[in-house]
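1. no sequence on this one, just coordinates:
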C-alpha cells in the first residue's frame, strides 16, 4: 500500500496534509474501483475471447455480428441487455438470502485482488499473511453459492449448490497442500516476498527449484484450482445438460451477471496465485528482459494460464461426480502430502 | 495495519458496488407482475412439492472430512514458514502430525466414505479381508 500512497501524494500534494486514515481511505477507494474496472474489462474481453476460442476450436466462427470486426462488441451488448432485464426473485425464495448471495460472492472475489502483487510497488494491501488471506477470502464464495442454491427454493439450484460446495470444499485441500510446498521453499506467506525470493532467471522460479517436486505441485494446484472455480472438466455444479444452470437457475439479470463476473474474477485470481507462487510473479524470465514493465510479465503469465483454462474446456469431457471425489481425495491429496514430505526432507538433508 | 484496513475497504466497497449496480439495473428494468413468472423453474411444469427437503448425508461426511483437513492445513502454513529456522524438530513433529492425520484419511478411505455412492457390500468385503 505504501508505494501507492506515496504515488498519490506526489500526484496530489494536498493529500499528504490529510490524516493518514482519510488519505488511505481515498486512495484505497480509488484502488478498489480500479480493481473493479479491471474485473469488468477482463470479463468483457474474456467472455468474448472465450466464445471466439471455443468457436475456432470447434471449427465455428463464434460471435461475428455485433460491432462489426469479429463481433467485438458482443459482450458489451450482452451487458446492456442484462442491465435492462427484469430481475426476478421467486415468490417462494428466501428473499434476504437470495438477494445477498451474489453480493457476497462478488465481494469475496473482488477482495481476493487486495493481496495480488502486480509489480514491485503495486500491491493494494501488502499483508504478511497474503497467501493465507487470499485462500480464506476465496472460501467465502462457497458460502455465497450455498446461500444462493438454498434460497432459490428450486431443486436444480439445491442440487447444484450442494454439489458446488462438496466440490469446492474437497478441492480446497489439494489447493492448500500444493501451495504449502511452495511456501516451504519460500519460507513466507507474504505475496511480495514470495515473488522477490524468485528473482533471477527462469530457473529460480519455484516451479523449477527443488525439481521436480514443486513442478508436480504446480500441476496439482492447477488441476485443483480448475475445480475451485467450477471450470470444465469440473463444471458439475452448473452442468447445463443435467442441472439446468445449477445454483444460478433462478437468478436473472444483473444478479446473475454478478455470479458470472465473480466466476471470471476467480479464474483470474487462481491464475494470479499460480503465477505469483510458482511462476515468479512479475519477474521477467531472463535478466536481460527486465526492461519490460513488471505488470506485463505478471499479466502475460496469468492470462496464459487463463487461456489454458479456456482451452481445456474443449479438450476434456466433464467428470462424473464420483470421479470428481476420487480425484480430489484419493489422487491429489495423497500426492500433495507426499510432495510436502519430500520437499521438507530435501530441505533438512 | 493499513494493509488490513485496505482489505476491509475492498470488502465493504465491493458489496457497495454490487448494490449500486443492482439499484441502477432496478431503475432501468421493466417490472411486470405476473404470477407464473415467480414460481420456481422446473423444466416448464408446475413444481412438485418443496425444494427444501432432507438431503443426502454424503455431503455431511465430506464437509466433516474437509474440516479435519482444513484445520491441519492451517497448522501446516505457519509450520512451512518457520521450517528453515526450526529444522529437524519441525520436521519430526510435523511428520508425526501428518502421520496421525493420514491414519484418519486411510480409515475414511477404507470405510468407503470417500466414494460418492457408498456401497454396502464393500464393508462386508473389507471385514472378510481382515479375517474378522
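-> Received the coordinates, thanks. Just so it is clear, the structure is predicted and the values come from calculations on it, not from any experiment.

2. Show me what the helix or strand bottoming out on mean pLDDT in chain A is packed against.
-> Across the helices and strands of chain A, mean pLDDT, DSSP states H and E gives its lowest value to helix A:240-243, namely a mean of 70. Packing partners of helix A:240-243 (3 or more CB pairs under 8 Å, 6 or more residues apart in numbering or on different chains; DSSP states H and E): helix A:155-186. C-betas here are computed from N, CA, C, even on glycine.

3. The helix or strand following the helix it packs on: which residues count as buried?
-> Next along the chain after helix A:155-186, taking DSSP states H and E as the criterion, comes helix A:191-196. Within helix A:191-196, the residues scored as buried using 16 or more other CB atoms under 10 Å in any protein chain shown are A:191-192, A:194-196.

4. got the residues of the stretch 151-300 of chain A near chain B?
-> Contacts of the stretch 151-300 of chain A with chain B, taken as CB under 8 Å from any CB of the partner chain, map to A:152-158, A:162, A:165-166, A:169-170, A:172-173, A:176-177, A:180, A:183-184, A:187-189, A:244, A:249-250, A:253-255, A:258.

5. still on that earlier bit, dump the buried residues of helix A:191-196 to TSV, plus pLDDT.
-> Below are the buried residues of helix A:191-196 laid out as TSV (pLDDT from 0 to 100):
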residue	pLDDT
A:191	87
A:192	86
A:194	87
A:195	87
A:196	86
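
6. which of the residues in the least confident helix or strand of chain A are buried?
-> For helix A:240-243, a neighbour-count test (16+ other CB under 10 Å) marks residue A:243 as buried.

7. for the chain, what are the low-confidence residue spans?
-> All of this is about chain A. Low-confidence segments of chain A, defined by pLDDT under 70: A:237, A:239-240.

8. oops, chain B please
-> Counting by pLDDT under 70, chain B has low-confidence residues at B:1, B:57, B:118-132.

9. re the thing from before, give me the contact list for the least confident helix or strand of chain A.
-> A:156, A:159-160, A:163, A:236-237, A:249 (CB atoms under 8 Å, 6 or more residues apart in numbering or on different chains).

10. residue nearest the centroid of chain B?
-> residue B:63 (5.9 Å; CA atoms, centre = their mean).

11. For chain A, see how far away it is.
-> Per CB to the nearest CB, to the nearest Å, residue B:63 is found 6 Å from chain A.

12. Excluding chain neighbours, what is closest to that residue?
-> Residue nearest to residue B:63 in three dimensions, not counting chain neighbours: residue A:169, with 6.3 Å by CB to CB, 6 or more residues apart in numbering or on different chains.

13. Just confirm that neighbour contacts residue A:142, I think it does.
-> Yes. Residue A:169 is within contact range of residue A:142, at 6.4 Å (criterion: CB atoms under 8 Å).

14. can you give me the helices for the stretch 201-349 of chain A?
-> A:213-228, A:240-243, A:253-278, A:294-313, A:321-325, A:333-348 (DSSP state H, counting those that start in this stretch).

15. dump the residue contacts of residue A:78.
-> Residue A:78 makes contacts with residue A:47, as judged by CB under 8 Å, 6+ apart.

16. cool, residue A:98 as well?
-> Residue A:98 neighbours (CB under 8 Å, 6+ apart): A:89-90, A:147-148, A:151-152, A:250.

17. go on, residue A:109?
-> A:39, A:138, A:141, A:261-262, A:265-266, A:269.

18. Using the three-state scheme, assign residue A:91.
-> Following DSSP: H, G, I helix; E, B strand; the rest coil, residue A:91 is assigned to coil.

19. tell me the contacts of the residue lying closest to it once chain neighbours are set aside?
-> Of all residues not flanking residue A:91 in the chain, residue B:38 sits nearest, at 4.3 Å (CB to CB, 6+ apart). By CB under 8 Å, 6+ apart, the contact set of residue B:38 is A:88-91.

20. one more time with 10 Å, if that's ok
-> Counting by CB atoms under 10 Å, 6 or more residues apart in numbering or on different chains, residue B:38 touches A:88-93, A:250.

21. what about burial for the residues you listed, which qualify?
-> Counted by 16+ other CB under 10 Å, these give A:88-90, A:92-93, A:250 as buried.

22. Most widely separated two among the residues you listed?
-> Within the buried ones among the contacts of residue B:38, A:88 and A:92 form the most distant pair, 12.1 Å apart (CB to CB).

23. okay, and the common contacts of the two?
-> In contact with both residue A:88 and residue A:92: A:250, B:38, using CB under 10 Å, 6+ apart.

24. hang on, residue A:141 packs against residue A:135?
-> No. The criterion here is CB atoms under 10 Å, and residue A:141 misses it with residue A:135 at 11.4 Å.

25. which SSE is residue A:46 in?
-> Per DSSP H and E: residue A:46 is located in helix A:20-57.

26. buried ones in that helix?
-> A:23-25, A:27-29, A:31-32, A:35-36, A:38-40, A:42-44, A:46-53, A:55.

27. Run a quick neighbour tally on residue A:10.
-> Burial measure for residue A:10: 10 neighbouring residues, criterion other CB atoms under 10 Å in any protein chain shown.

28. Quick one: residues contacting the residue of chain B most remote from its centre.
-> Relative to the mean C-alpha coordinate of chain B, counting by CA atoms, centre = their mean, the farthest residue is residue B:32 (38.3 Å). By CB under 10 Å, 6+ apart, the contact set of residue B:32 is residue A:86.

29. repeat for the one 10 residues further on
-> Under the criterion of CB under 10 Å, 6+ apart, the contact list for residue B:42 reads A:154-156, A:244, A:249, B:48-49, B:51.

30. For the strand or helix carrying residue B:23, name the packing helices and strands.
-> Take DSSP H and E as the rule and residue B:23 turns out to sit in helix B:2-28. Secondary-structure packing of helix B:2-28 (3 or more CB pairs under 10 Å, 6 or more residues apart in numbering or on different chains; DSSP states H and E): helix A:2-11, helix A:20-57, helix A:74-83, helix A:95-111, helix A:130-151, helix A:253-278.

31. got CSV for the contacts of residue A:98, with distance to residue A:62 too?
-> Formatted as CSV, the contacts of residue A:98 follow (distance: CB to CB, whole Å):
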residue, distance to residue A:62
A:89, 33
A:90, 33
A:147, 34
A:148, 29
A:151, 35
A:152, 31
A:250, 29
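
32. Which pair in those residues has the greatest spatial separation?
-> A:90 and A:147 (14.6 Å).
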